[in-house]
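what's the 3D shape of this:
(chains A and B)
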There are 2 protein chains.
Amino acid sequence: MSQLKYDVAGIGNALVDVIANADDAFLKSEDIQKGGMTLINAEHADVLYGRMGEAIESSGGSCANTIAGIASLGGKGAFFGKVKDDQLGKVFIHDIKTLGAEFPASVAADGAPTGRCLVLVTPDAQRSMSTFLGAAQNLTPDDIDEEVIKASAITYMEGYLWDQPSAKDAFLKAAKVAREAGRIVSLTLSDSFCVDRFRPEFLKLVKEEVDLLFANEAEILSLYEVDKFEDALERVRSDCKFAALTRSELGAVIVANGDVHIVAAEKVEKVVDTTGAGDLFAAGFLYGLARGYKPDHCGRLGVMAAAEIIGHYGPRPMVSLKDLAAERGL
Amino acid sequence: MSQLKYDVAGIGNALVDVIANADDAFLKSEDIQKGGMTLINAEHADVLYGRMGEAIESSGGSCANTIAGIASLGGKGAFFGKVKDDQLGKVFIHDIKTLGAEFPASVAADGAPTGRCLVLVTPDAQRSMSTFLGAAQNLTPDDIDEEVIKASAITYMEGYLWDQPSAKDAFLKAAKVAREAGRIVSLTLSDSFCVDRFRPEFLKLVKEEVDLLFANEAEILSLYEVDKFEDALERVRSDCKFAALTRSELGAVIVANGDVHIVAAEKVEKVVDTTGAGDLFAAGFLYGLARGYKPDHCGRLGVMAAAEIIGHYGPRPMVSLKDLAAERGL
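Reported below is the predicted structural model:
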């Protein structure tokens, strides 16, 4: 598939992360679901931001992190998402373009400001997210450039899009275009609470539309409403051509045409902030698959990229993943 | 002095740092002085930002970093600097206020946007800065609240202010108020290139106005135009009541009423980004002095705070410095 212009086209919420440390008591007092992602409105975001500690800002957004990772690996990506023409919107566009990825969607001249995700990192390195979607919620099917989708080996979308009707329509349009062009359609379940909100629709998507599914353990258990990972794995094997299931320090389980491959996690000296771990795993895997690598090679690229991201604050690589891969002979 | 409302009032450029990795070849191609701080205009900032890699944003500004550090140590600080009422200005104010520091200056409703410092970190962890002052250059003597200065044990100012006439006037006003109230006046030389630009004025300041001087080795050598640290130290002993001279991995040399104390540097596992090292050293030292600690105790707080900051990207503490100090019995 290397003759295509893009390895991966991604569709997701364009967000700037605002990352601060917090303790469990703070999460409790603010009624924040630990490890999850909760949508909040502008007023709530202002109040929570006012109570949060000192923060750093980094471009984020699950799918956008993945596209950034693919670019860092030397791949070519395009990201569809909506920002406003404000300071944070400029930051978002700079960060995705400087890596060589394309940003084909239009920028909003007015309306809601660029969306942001308030990320609270607890001492156990877990992240809990409160998202004000802002401009991101105004992504529509018109923002999806069909030619870019057709020219991408894989079209990759985040489950979070399901929270907004127009973004969901953009997702479905892109999936249709990709499928008709014979490309791979891929989905990440994003978050177990997100799966809870949309289980029947996600089950239908996974069976009928998706060639490659990404999920972590909590998400896949939630999707199939089972208690054991092995039971979920059996369901995945029958529903998906390809799947990559991540299990934190247990590594990843790859399903490819019914076969199962286990990929060990990489050792990380100190886990600082797990924000972006799943996104970067997906980056490595998608890049490998777009380049026609074998499943376990794809998985190893995924665990490598995830290991880089959890060693520092922020969901974007701080070093060239291409160089890291070369060091490992990947 | 503990009955005063503030430990330290700081006056400096209010900036948001935009931090990216770069190699030496990039610095050369962009004609950036390695290790220094260069003032650039808005157009140059746009061009350079466009060429820089993916970045993270963090509140910065040398003196503001120091005030943030003092707050993180459990001290009470106030910071005078100018931002605009835009997204980055809101970030700056949030970050300084959330630590418990006060931000008494007015916020600009129009004019130049909040200033930013483009920080390029090379693989040797050295930082090179290109600063677009923006709103920061509009700090004037009217922004200085005399009551806050009088209520602060120490008034601390950055040499960088000398680049802007109105900011320099703000500095001189604050120094006069502090001196007349019997408070300590403190200055950091900021940068050896800055010293080069204003040597005669800085020499006069150091002799006549400043009770406590901060400088690193390059800056103090530049101030006195000598080649040997020992020669500079002799001059400092005769010119300053208190001085803290930092020497990177050699630690710090403290001058107090003619006596000299040597404080060893703390071991740092991996130096990632030296941005803010001097600012945080000053935070520890100033906090200690405001609380009446002995010179070497002040110095140890300084090297502790500096060690924390160079272990991660960004110039603001990621953990409570108060807790770190308690762990060390400081």
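
Next, count neighbours for A:Ala243.
A count of nearby residues for A:Ala243, using other CB atoms under 10 Å in any protein chain shown, gives 25. C-beta here means a position set from N, CA and C on the backbone, and glycine is covered the same way.

so how far is A:Leu205 from it?
From A:Ala243 across to A:Leu205, the span is 13 Å (CB to CB, to the nearest Å).

Name the secondary structure element that contains the nearest residue to A:Ile149 once chain neighbours are set aside.
Spatial nearest neighbour of A:Ile149, chain neighbours left out: A:Val177 (4.5 Å); criterion: CB to CB, 6 or more residues apart in numbering or on different chains. Using DSSP states H and E, A:Val177 maps to helix A:165-180.

Which SSE is immediately downstream of that helix?
Counting by DSSP H and E, what follows helix A:165-180 is strand A:184-188.

follow-up on the earlier one: next up, the contacts around the residue nearest to A:Ile149.
Counting by CB atoms under 8 Å, 6 or more residues apart in numbering or on different chains, A:Val177 touches A:144, A:146, A:149-150, A:155.

so can I have CSV of those showing neighbour count and pLDDT?
Converted to CSV, the contacts of A:Val177 look like this (neighbours: other CB atoms under 10 Å in any protein chain shown; pLDDT from 0 to 100):
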residue, neighbour count, pLDDT
A:Ile144, 22, 97
A:Glu146, 15, 97
A:Ile149, 25, 98
A:Lys150, 18, 98
A:Thr155, 30, 98
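
So what's the residue count around A:Pro123?
A:Pro123: 10 neighbours (other CB under 10 Å).

swap that for A:Lys267, please
A:Lys267: 7 surrounding residues under other CB under 10 Å.

Reduced to three states, what does it come out as?
The three-state assignment at A:Lys267 reads coil, by DSSP: H, G, I helix; E, B strand; the rest coil.

Would you quantify the distance from it to B:Gly61?
Distance, A:Lys267 to B:Gly61, using CB to CB: 38 Å.

Kindly report the same for A:Leu187.
Noted for A:Leu187: a distance of 43 Å to B:Gly61, by CB to CB.

Neighbour count: those two, which is higher?
Applying other CB under 10 Å to A:Leu187 and B:Gly61 shows that B:Gly61 carries more neighbours, namely 31 against 25.

Any chance of the backbone angles for the nearest residue to that one once chain neighbours are set aside?
Leaving out its chain neighbours, the residue that sits closest to B:Gly61 by CB to CB, 6+ apart is B:Leu15, at 4.1 Å. With angles defined as degrees, to the nearest 10, B:Leu15 sits at phi -140, psi 150.

and whichever residue of the stretch 101-250 of chain A sits closest to chain B, what does it touch?
For the stretch 101-250 of chain A and chain B, the shortest gap (CB to the nearest CB) falls at A:Pro113, measuring 7.3 Å. Residues in contact with A:Pro113 (CB under 8 Å, 6+ apart) are A:84, A:86, A:88-89, A:134-135, B:87.

Cross those against strands and list the overlap.
Per DSSP state E, strands hold no members of these.

Need the max-distance pair from the residues you listed.
Put simply, by CB to CB the two of these set farthest apart are A:Ala135 and B:Gln87, 12.6 Å from each other.

Show me which of the two is the more surrounded one.
A:Ala135 (26 against 22).

how near is the nearest residue to the more buried one once chain neighbours are set aside to chain B?
Leaving aside its sequence neighbours, A:Ala135 sits nearest to A:Lys84 (CB to CB, 6+ apart; 4.2 Å). For A:Lys84, the distance to chain B equals 10 Å [CB to the nearest CB, to the nearest Å].

Three-state assignment for A:Ala153, please.
Relying on three-state DSSP, one would call A:Ala153 strand.

Settle this for me: it is touching A:Val8, isn't it.
Yes: the pair A:Ala153 / A:Val8 is scored as a contact, 6.8 Å apart, by CB atoms under 8 Å.

neighbour-wise, which of those two wins?
More neighbours surround A:Val8 than the other of A:Ala153 and A:Val8, with 29 against 24 (other CB under 10 Å).

Contacts only, for the more buried one.
Applying CB under 8 Å, 6+ apart, the residues contacting A:Val8 are A:66-67, A:70, A:75, A:77-78, A:152-156, A:286-287, A:290.

can you give me the strands for chain A?
A:6-11, A:15-21, A:37-39, A:56-60, A:77-80, A:115-121, A:127-132, A:152-158, A:184-188, A:212-216, A:242-246, A:252-256, A:259-263.

do you know which of those lies nearest B:His297?
Closest to B:His297 of the strands of chain A, according to CB to CB: strand A:15-21, at 27.0 Å.

Let me know the angle separating that closest one from strand A:56-60.
On the basis of axes from the mean of the first three to the mean of the last three CA atoms, to 10 degrees, strand A:15-21 is oriented at 140 degrees to strand A:56-60.

Which strands and helices lie in contact with strand A:15-21?
Here strand A:15-21 touches strand A:56-60, helix A:87-97, strand A:115-121, going by 3 or more CB pairs under 8 Å, 6 or more residues apart in numbering or on different chains; DSSP states H and E.

How about the last one and chain B, touching?
No: Strand A:115-121 lies out of reach of chain B by CB under 8 Å from any CB of the partner chain, never closer than 9.4 Å.

Quickly run through the sheet partners of that strand, with directions.
Here strand A:115-121 has these sheet partners by DSSP bridges: strand A:15-21 (parallel), strand A:127-132 (antiparallel).

In CSV: those, plus mean neighbour count and mean pLDDT.
CSV is the format used below for the strands paired with strand A:115-121 (neighbours: other CB under 10 Å; pLDDT from 0 to 100):
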stretch, mean neighbour count, mean pLDDT
strand A:15-21, 25, 97
strand A:127-132, 24, 97
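
and of those strands, who's closest to A:Ile96?
A:Ile96 lies closest to strand A:15-21 among the strands paired with strand A:115-121, at 11.3 Å (CB to CB).

Bridged to A:Ala256, which residues?
Beta bridges link A:Ala256 to A:Phe242, A:Asp259 when assigned by DSSP bridges.

Could you give the number of residues near it?
Applying other CB under 10 Å, I find that A:Ala256 has 20 neighbouring residues.

thought it was touching A:Asp296?
No: when contacts are counted by CB under 8 Å, A:Ala256 is not listed as touching A:Asp296 (9.0 Å).

Tell me what angle the helix holding A:Val177 forms with strand A:6-11.
150 degrees.

on that earlier part again, how about the residue nearest to B:Gly61, what does it touch?
Residues near B:Leu15 by CB under 8 Å, 6+ apart: B:59-61, B:64, B:92, B:114-117, B:131, B:133, B:136.

Show me which residues of the stretch 201-330 of chain A sit near chain B.
Residues of the stretch 201-330 of chain A lying near chain B by CB under 8 Å from any CB: A:312-314, A:316-319.

neighbour-wise, which of those residues leads?
A:Tyr313 (28 neighbours).

for chain A, what are the low-confidence residue spans?
A:1-2 (pLDDT under 70).

repeat that with 50
A:1 (pLDDT under 50).

Pull up the gap between the residue lying closest to A:Arg51 once chain neighbours are set aside and A:Thr131, please.
By the measure of CB to CB, 6+ apart, the closest residue to A:Arg51 outside its immediate chain neighbours is A:Glu30, 6.9 Å from it. When distance is defined by CB to CB, A:Glu30 is 14 Å away from A:Thr131.

One more: A:Lys322?
30 Å.

How about A:Ala290?
Counting by CB to CB, the gap from A:Ala290 to A:Thr131 is 28 Å.

For A:Leu250, give its distance to A:Ala264.
8 Å.

Next: A:Ala256.
Distance from A:Ala256 to A:Ala264, by CB to CB: 17 Å.

Kind regards, and thank you for your time.
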